[in-house]
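>>> Sharing a model that was predicted from the sequence below.
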Amino acid sequence: MGDQRNIILAGGLVGLLSVILVHFGNPANMGICIVCFIRDTAGGLGLHRASAVQYIRPELIGIALGAWLMALGSGDFKARGGSSPFTRFILGFFVVIGALMFLGCPLRMVLRMAGGDLTAILGLVGFAVGISIGVVFLNKGFTLRRTYSLNKAEGFLFPAMQVAFLLLLVIAPVLVYFSTSGPGSMHAPIAISLIAGLLVGVAAQRTRLCMVGGIRDLIMFRDAHLISGFLAILVVAFVGALLTGNFNLGFEGQPVAHNDGLWNFLGMVLAGLGSVLLGGCPLRQIILAAEGNIDSAVTLIGMLVGAAFAHNFGLASSGAGPTTNGQVAVIIGLVAVLVIGIVNTSTISEAVMKGDVKLDA
C-alpha cells in the first residue's frame, strides 16, 4: 500500500510541476516532455539547424542529477553495461523518430490529453499497440543479453556530462544556440526548470515511474501499480489546466500538435514498441543512466542523434502535419525495430535456425 501511495504521489508531483513550468514559460501541454527537451538540447548544442527548437533544457539536467544523487544515497548506483549497446542506440534513435512524428514523448502524450488535446488519444492507442507487440516478443524470450559490472568511474560520466551542459548554459551561453521564436524560445527560468527537474528525478528514481512499464505490467501481469502514477499525472495536470485556463478540448488548434490521426497512431506504435524492447520510456532511460547504466546512456545518445537527424532531414512533424520524409522514416523504423525484436527473441530465432520460420515468407 505504501508503494502504491508513493507512486501516486510521485505522479501527482510530476503533473503539478508540469503545470507550474507552463505557467512560468514552457509551451502549453509541454511542461515536461523528455523527447521534446532532448530535441531542444540537440539544437542548443548546434546538432541541428531548426532555429525554432534550440535550447539546452535544464529540466533534463535536473532529472538526471536528482536521480543520480538519490541513487547514490540509496545504494542503487551501480556502474554496469554491455547489453547490446549499439542495438540500444538504434532503438533509441527510432523511438525519437516515432515520438517526433507524434510531437511528444509518452509523458507529453498524457499532458496533451490532460489539456484537452483529443488528437493525443490516437497516440495513446498507438502507444498501447506498440507495447502489446513488444509484450509478444517478451513472452517469447526477447532479450538484449546481460549487463556486466564496470569501473565505478564509468557510471559518473553521464552525470558529469549533465554538469557540463549546465555550466555551458549558465557560464558560457555565447556558445549555446537559443531560439528567438517557436517552442525553443518558450521556457521557464533556469532555476525553476532545474529545481523542477531535480524533484522529478528524485521521485522517478524512488518509484520507477514509467509509462511503458505501466502498460506493459498491466498487459502481462494485470498489475496497475506503475500505471497509477501516470493516471495521477493525468488527473493533476487536468485540474491544473482547468484552473490556469489552459484547457482546450478538441482536435483543432492544439499547441505544438497536428491532427493527422494515422501518423499520430503509427508514430506512437514505433515509440511504444521501441521503448518496451529497451525496458522503459525515455524518462526511465534517464533514471537508469543516472543509476550507472551505461547502456541507457548510449540509448539517450541515440535519442539525441535521432532528434538531430529528424530536424536536419525534415522527419519531424509540425503543427501543419507530418512530412513525407517523416512518414517514410517511421515505416523504416517499424521494420527495423521488428527485425531487432525477431533476431533477439530466442524462440523465434531458434525456429528460424531450424527452418520452421522463414523471415522472407
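Arrived safely. Residues are numbered from 1 along each chain as shown.
>>> show me the contacts for S179.
By CB atoms under 8 Å, 6 or more residues apart in numbering, the residues touching S179 are 40, 43, 51-55, 185. Glycine gets a C-beta too; all of them are placed from N, C-alpha and C.
>>> Roughly how far does it sit from L226?
Distance of S179 to L226, given as CB to CB, to the nearest Å: 34 Å.
>>> hang on, the earlier thing: now that we have the contacts of S179, which one has the most neighbours?
D40 (31 neighbours; other CB atoms under 10 Å).
>>> That residue reaches I56, doesn't it?
Yes - in this structure, D40 is within contact of I56 by CB atoms under 8 Å, at 7.5 Å.
>>> so where's the stretch 201-350 of the chain shaky on pLDDT?
Scanning the stretch 201-350 of the chain for pLDDT under 70 picks out 347-350.
>>> one more time with 80, if that's ok
Scanning the stretch 201-350 of the chain for pLDDT under 80 picks out the ranges 346-350.
>>> what's the burial count for S318?
17.
>>> State the pLDDT value of the residue lying closest to V22 once chain neighbours are set aside.
Once flanking residues are discounted, V22 sits nearest to G31: 4.6 Å by CB to CB, 6 or more residues apart in numbering. pLDDT recorded at G31 is 97.
>>> which SS state does G31 fall under?
coil (DSSP: H, G, I helix; E, B strand; the rest coil).
>>> contacting residues around it?
17-22, 111, 237.
>>> now do 7 Å
17-19, 21-22, 111 (CB atoms under 7 Å, 6 or more residues apart in numbering).
>>> How about F251?
118-119, 259.
>>> would you list these in CSV and tack on secondary structure and distance to I133?
What follows is the contacts of F251, written out as CSV (DSSP: H, G, I helix; E, B strand; the rest coil; distance: CB to CB, whole Å):
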residue, secondary structure, distance to I133
L118, coil, 24
T119, helix, 22
N259, coil, 25
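>>> Mind putting those residues into CSV with neighbour count and distance to R284?
Shown next, in CSV, are the contacts of F251 (neighbours: other CB atoms under 10 Å; distance: CB to CB, whole Å):
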residue, neighbour count, distance to R284
L118, 17, 27
T119, 20, 25
N259, 16, 29
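>>> List phi and psi for G321.
phi 120, psi -180 (degrees, to the nearest 10).
>>> Provide the partner residues of it in its beta bridges.
S318 (DSSP bridges).
>>> Can you give me the neighbour number for it?
G321 - counted by other CB under 10 Å - has 13 other residues nearby.
>>> contacting residues for the residue nearest the centre of the chain?
Computing the C-alpha centroid of the chain and ranking residues by CA atoms, centre = their mean puts P282 first, at 2.7 Å. The neighbours of P282, taking CB under 7 Å, 6+ apart as the test, are 34-35, 95, 105, 303.
>>> if you set the cut-off to 6 Å instead, what comes out?
34-35, 105 (CB atoms under 6 Å, 6 or more residues apart in numbering).
>>> Now intersect those with the helices, please.
34-35 (DSSP state H).
>>> Pick out whichever of the contacts of P282 sits closest to T147.
I34 (22.3 Å; CB to CB).
>>> which stretches of the stretch 1-150 of the chain form strands?
80-81, 148-149 (DSSP state E, counting those that start in this stretch).
>>> Just say which of these is most tucked in.
strand 80-81 (a mean of 19; mean count of other CB atoms under 10 Å).
>>> can you list contacts of that one?
147, 149-150, 293-295.
>>> Buried subset of those residues as a PyMOL selection?
Buried members of these can be picked out in PyMOL with the line below, counting by 16 or more other CB atoms under 10 Å:
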select buried, resi 147+150+293+294+295
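>>> farthest-separated two in the contacts of strand 80-81?
S149 and D295 (12.8 Å).
>>> end-to-end on stretch 81-89?
For stretch 81-89, the separation between the terminal residues is 13 Å (CA to CA, to the nearest Å).
>>> buried sites along it?
81, 83-85, 87-89.
>>> now swap in stretch 191-207 and tell me
For stretch 191-207, by 16+ other CB under 10 Å, it's 192-207.
>>> L111 contacts N29, doesn't it?
Yes - counting by CB atoms under 6 Å, L111 touches N29, with 5.1 Å between them.
>>> still on that earlier bit, out of the contacts of S179, who's nearest P173?
Y55 (10.5 Å).
>>> Next one: the closest one relative to I192, how far apart?
14 Å.
>>> was I right about G261 contacting L122?
Yes - judged on CB under 6 Å, G261 makes contact with L122 at a distance of 4.6 Å.
>>> Which of those two has more residues huddled nearby?
Counted by other CB under 10 Å, G261 and L122 do not tie: L122 has more neighbours, with 21 against 16.
>>> residues contacting the more buried one?
261, 264-265.
>>> out of those, which are inside strands?
Counting by DSSP state E, those place none of their members in strands.
>>> any idea how far the nearest residue to W263 once chain neighbours are set aside lies from F102?
Distance criterion CB to CB, 6+ apart; nearest residue to W263, sequence neighbours excluded, is P322 at 4.3 Å. Computed as CB to CB, the P322 to F102 distance reads 9 Å.
>>> Ok, R39 next?
12 Å.
>>> do P173 as well
Counting by CB to CB - P173 and F102 are separated by 31 Å.
>>> Which one's more surrounded, those two?
Under the criterion of other CB under 10 Å, the comparison of P173 against F102 puts F102 first, with 34 against 13.
>>> Quick one: residues contacting that one.
F102 neighbours (CB under 6 Å, 6+ apart): 123, 264, 267-268.
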